[in-house]
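Student: here are the coordinates; sequence isn't available:
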DNA sequence: TCCGGATCTGACAACGTTGTCTAGGCTCTA
DNA sequence: TAGAGCCTAGACAACGTTGTCAGATCCGGA
């Protein structure tokens, strides 16, 4: 009776039992190592033997088990990418750029979203390390990366992108948030604005504070005072951004222009301004798809996300190729894209 | 002299040589298996022993090597996702949705872009299989997926998304391209348009032909003839789309409305229409960020990309949990989002 | 005929982990 | 106090591959 029950256990015969090199070797009537040689295109196999092995491989549907290979060789030919949100259009080109570089180096890409949660960032990065990725590219969510030190010491190359790492020394590739914001605000100042609002991301996010610093620098350079009610840092959910924008616009002395700290803020502010009775100027950090088609066009401080990713990945692979130099901080320039500039609403007072 | 040269070989002492369970066991003065038990939280270890092991783990900076674990256990707790382009904003939410489901099941996500190249899709998928992912989610670039049959037979669950697989029987999750396009075109017809253009992706892409079929169905249902010069399938690069749109608009009897086959086409057409002397109606497949802010607003047939990804991933994990049922084809509804509807330019003749 | 050398091939150990199985120590009961 | 039974702990093999090494075969030349 137990024998009659057995067939039911496995839904299909030998389901999940893949052939191994041993099976191929047996079928081809050769040794294990010869199969290995054929599979890896190593020299020293007669054409005839090779053909027999190839036939056996095809017949059995053999595919090398890379887990075993990795275990043996110690290198995984894969890198891990921890970003904030796979769904964020800003990071998509970065993701792709990293993939392209990885591909050029024959490596696969494992990735995940930290969702701006330091604990989740940590879990992901360490899970990647357990898989023994050769290298890590991280968009930091947290500000303490000491947890990575054993991994880095053990040889996992690590590059941080978009924001600097906390409490640890490693390569970083950034956009010039400070300079970009300063330039964007200066553009508003040049058009006569004196009361300029700033709405940005939460203060624990490095880029947010850097951009605010740029805002203050531009204001200071122009000799303009900053009323603290014009400045707002916090979550970039539409509700908050909308409320803050409306607050700044409805005071007795309303701001005449706004600087939006990132793409999500800009998108919400654009919607608020579309309903504003009087024209309000806007400059946003990060470019937006279709931004050129809005009227008035939205002037932006654009980052080159793809270049950010490419630079970080190239740096990583240089490390993997054994280049040993002290950790470096690369800051990529931003680009002010002036749109509908002629129509930028002038300041009134 | 050779001995004096040796130190230079390894940049830092024991660099890359990670501690193993054996090292931990030696340091803690316990057996190998006891370390394994502690690392995996298995029962049967006294608190005192456990503490000794934990201390050794911390002191050595041990981290379990998942490659070895995978080799031993046969399951990788990871799934592979082959999409068309990691940088395409349409696929970003799908990507994220798949990640979330994977995460909920304790699996990691490996992904890559096929760049719409069947050969590259194949390479990626097979590379994932060599890594022994538990399952695959594929947005097909090619139309022959027989290469996956040995893998599927060997137990790698596979789900296709966004487009059906070619030549093989597997689960598929799609949007209702046909129905969506028909509804979108019917919307234009309802506003009095009789000469409606269709610009879509290359004919070998399933969604492109399905949407075209929907267009033809809507025209036929309204008793409207279709002049073949109104229909254009091909690469969605801006140059071609722009040229085709301009061609359709500059004929003696120009089209009075356009249906755009996907987000990239819509973006380009919007730009062309912004310069058009007379108003031309537009409905696009896929929603666009900020589409509501354009004037006139762009009416779209929206797909729920996140739901597409979620559905596919859930299906995959059901398979992995052993649910055995014949391959299924799920078709998700689209949603017509009417924008600036009152202002939809009416047909003139 | 024999030998050196090149070429092809396979036996074997090792990579780091987990499953199985057994040994030893302890507690509890009769 | 002996024996049953439980709990903790470790020895060992196995997962599928690759690196090392040594054996077998074949060639040409002496």
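Tutor: Arrived safely, thanks for sending. Here the structure is a predicted model, which is why all the values come from computation and not from measurement. Numbering: from 1, shown residues only, chains lettered A, B, ... in the order given.
Student: How about the residues of the stretch 51-200 of chain A by DNA strand C?
Tutor: Contacts of the stretch 51-200 of chain A with DNA strand C, taken as Cβ under 7 Å from any atom of the strand, map to A:68, A:71-72, A:74. (Glycine included, C-beta is placed from N, CA and C.)
Student: Distance of the residue in the stretch 1-150 of chain A that DNA strand C sits nearest to relative to DNA strand D?
Tutor: Going by Cβ to the nearest atom of the strand, DNA strand C is nearest to residue A:31 of the stretch 1-150 of chain A, at 2.6 Å. Applying Cβ to the nearest atom of the strand, to the nearest Å, the value for residue A:31 to DNA strand D is 9 Å.
Student: So for stretch A:59-76, what gets flagged as buried?
Tutor: Using 16 or more other Cβ atoms under 10 Å in any protein chain shown as the test for burial, stretch A:59-76 gives A:60, A:62-71, A:76.
Student: Run through those residues and flag the ones next to DNA strand D.
Tutor: Applying Cβ under 7 Å from any atom of the strand, the subset of the buried residues of stretch A:59-76 adjacent to DNA strand D comprises A:62, A:64-65, A:68-69, A:71.
Student: Could you list which of those belong to helices?
Tutor: A:68-69, A:71 (DSSP state H).
Student: Distance-wise, check the residue of the stretch 1-150 of chain A closest to DNA strand C relative to residue A:21.
Tutor: Using Cβ to Cβ, to the nearest Å, residue A:31 is found at 10 Å from residue A:21.
Student: Looking at those two now, which is surrounded by more residues?
Tutor: Remark: of residue A:31 and residue A:21, residue A:21 carries more neighbours, 21 against 12, as counted by other Cβ atoms under 10 Å in any protein chain shown.
Student: Next one: the nearest residue to that one once chain neighbours are set aside from residue B:70, what distance?
Tutor: In space, and not counting its chain neighbours, residue A:21 is closest to residue A:35: 4.4 Å by Cβ to Cβ, 6 or more residues apart in numbering or on different chains. Remark: distance between residue A:35 and residue B:70 (Cβ to Cβ) = 21 Å.
Student: Residues in contact with the helix or strand containing residue A:264: which ones?
Tutor: Assessed by DSSP states H and E, residue A:264 sits inside helix A:263-274. Helix A:263-274 is contacted from outside by A:89-90, A:199-201, A:236, A:238, A:241-242, A:245-246, A:249, A:258, A:260, A:280, A:282, A:284-288, A:294, A:298, A:300, B:289-290, B:292-293, using Cβ atoms under 8 Å, 6 or more residues apart in numbering or on different chains.
Student: Can you tell me which helix or strand of chain A has the lowest average pLDDT?
Tutor: The weakest-scoring helix or strand in chain A, judged by mean pLDDT, DSSP states H and E, is helix A:2-5 (a mean of 32).
Student: The helix or strand that that helix is followed by near DNA strand D at all?
Tutor: Downstream of helix A:2-5, the first helix or strand assigned by DSSP H and E is helix A:21-28. Yes. Counting by Cβ under 7 Å from any atom of the strand, DNA strand D is contacted by helix A:21-28 at A:21-22.
Student: shaky segments in the stretch 1-150 of chain A?
Tutor: The model of the stretch 1-150 of chain A has pLDDT under 70 over residues A:1-16.
Student: Now with 50, please.
Tutor: A:1-15 (pLDDT under 50).
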